[in-house]
Every structure is written in structure tokens, then in C-alpha cells.
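**Student:** what's the 3D shape of this:
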Amino acid sequence: MNSGNEYANEHSALASVYSPNQRSRIMKNNLQKKTILVTGASSGIGQGIAIRFGQQGANVVVNYHSDEEGAKSTLDKINAAGGDGFIYQADVSSEEEVKGMYEEAVKKYGSIDVLINNAGIQKDSSFSEMTLDEWNGVIKTNLTGQFLCAREAIRLFVQKPDVGNEAKAKGNIIFISSVHDIIPWAGHVNYASSKGGISMLMKSLALEVAQKKIRVNCISPGAIATDINDDVWKDEQKKAELLKLIPYKRIGQPEDIAKTAVWLASDESDYITGTTIYVDGGMTLYPGFLENG
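**Tutor:** The predicted model follows:
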């Protein structure tokens, strides 16, 4: 067993092997020409993730539901960054449409290497006033949609031949969830329930397919500045109240999630499966106890 000093010296030596630029090139080589399917990629977090993969030279399938212009904008930025891709309209809660999307991706690129299971919606209401349509609508998109997309990905991944290098997965699924998979959220019971469901869906699936060399993980963002919540982060008073919940004292950007997704999709993170990474500036650290613990 190494002593603390021996470990520190060894770690320092390993860290010095590659410069930050070299590590960036290694990650790009990991992902270049791989095919990435990003659901809900016409805006916000999904758009940021799709563009970041394009910057790595990946082929990106840009899924969208209704915002065609946003999807085209995403694709333009992917192409400008040196990647390739196409846009595809599909409601992820529709089994038929999801299958059609995968068929088109396979026709163009041969297979899919990484699924970014991102698409999600909010329909907020107090619990007593919540309609069945509001409940079902959110669960269908946020949970059933992620199930359908993950299932099609698994069906593709298991058909791939075993890779010779033990440090490479045959496939990779990254669920995009929310800090509300563990933080209760009054007035958003349908949304929080869907995110809690994603957490157990991810863990159960990861356990089931790990022996098949398929990795499954989750990224749970905190407060991220996107169009869906611009009424908060563009209002100074509301922003100040939100920052009270974030120990790191800044609101996240889609790029914060995108950088994490690219790393989690690369061979650099090959030994990670069944894990949730909270990208939240410390929101899950119970900031109310900062001074009153």
C-alpha cells in the first residue's frame, strides 16, 4: 500500500503526463465520428449538449418536438463546429415515432453510440388542482419518453460485437434529470415524481446491462439559465432569491451540463456506471443549514 506522500507523488506524475490541451484532444478523439442522439435538442440544455458534441467532431441526431427553427439553429452550429448531423421531429412519448427516429439514425450512420435522454416538460399546478392530463402529460414525456428512447438504444447496443479493448463500452446512455429527483418541489409534484422515477430507472437499467458492457448514468442539473426559466434569472429580485439556494452563488449555463455530458460519454469515464452527477452549484447541500445547522 502506498503512503500518503507516495500516492500524492504518483498522482502528480500521472497528472503531468497530459496537458489540458492534450486531454482535450484525447477526449475529442474518443468522440470523433461517434453518433450521438440528443432528445429535446432544439433549445436549452439539450441544444447546448448537442452543440458541444458537434465541437468534438461527432455525428449528432438533433431530436425536437415542435421547435423546428431551434433545431435548425442547433444543427447549423454543429456543422459550423466541424460536426455532422440531421434534425428529426419525434414525440419521445410515442413508441412509433421513437422507433422511426432510431431507424433513420441507423440508416444514415449505421448505429448509435451514445443516447442523451434529455427531452422533458413542466406543467405546474398545485396538487389539488392538478388535472389528470397535466399529470399524464409530464409523466409520458419525462419518464415514459426516456424509457422508450433508452429501450431502443439498448436494443441497438446489444447487437454490437464485443470490443477488444476492455476500457471501451459498447454503448452509453446518459439520462438528464434534475436536482428534483431528490429535492421535493411543492407545486410541481408531476415533474418531481417523473425525475425521481428517472433516478431509479437509470440505476435499475445500469445494473441490468453493465455485464453487457453498456454504461448508464444520469446528470441532474440545478438552476440552469434557459428560456424556460428566463422570468427568474432575468429578474434581479427573483434571481437574488434563487441564489440563496445555490451555495456557489451563480446560476448555471447549458455549457456546464454539456461539458459534463461530453466527459461522461467519453472513454475517460469508462469505469462509471449507475451514477448520478449533480451539476448544481451545491443546491443539493441543504443551503438552509449554512448558518443554522
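**Student:** what bridges to residue 279?
**Tutor:** For residue 279, the beta-bridge partners are residue 221 (DSSP bridges).
**Student:** that one contacts residue 223, doesn't it?
**Tutor:** No - assessed by C-beta atoms under 8 Å, residue 279 is found out of contact with residue 223, at 10.4 Å. From N, CA and C alone the C-beta is placed, and that goes for glycine too.
**Student:** what touches both of these two?
**Tutor:** Common neighbours of residue 279 and residue 223, counting by C-beta atoms under 8 Å, 6 or more residues apart in numbering, are residue 252.
**Student:** which residues touch the residue positioned nearest the centre of the chain?
**Tutor:** Note on the chain: the residue nearest the mean C-alpha position is residue 176, at 3.6 Å, using C-alpha atoms, centre = their mean. Applying C-beta under 8 Å, 6+ apart, we find residue 176 in contact with 45-46, 49, 116-118, 120, 218-219, 221, 257, 261.
**Student:** where does the stretch 1-150 of the chain dip in pLDDT?
**Tutor:** Residues of the stretch 1-150 of the chain that meet the criterion pLDDT under 70 lie in 1-29.
**Student:** now do the strands in it.
**Tutor:** Applying DSSP state E, counting those that start in this stretch to the stretch 1-150 of the chain gives strands spanning 35-38, 59-64, 84-89, 114-117.
**Student:** turn the ones you listed into CSV, including distance to residue 95.
**Tutor:** Formatted as CSV, those follow (distance: least, C-beta to C-beta, whole Å):
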stretch, distance to residue 95
strand 35-38, 16
strand 59-64, 15
strand 84-89, 15
strand 114-117, 15
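**Student:** including mean neighbour count and distance to residue 170, could those go into CSV?
**Tutor:** Shown next, in CSV, are the strands of the stretch 1-150 of the chain (neighbours: other C-beta atoms under 10 Å; distance: least, C-beta to C-beta, whole Å):
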stretch, mean neighbour count, distance to residue 170
strand 35-38, 30, 13
strand 59-64, 27, 17
strand 84-89, 19, 22
strand 114-117, 29, 11
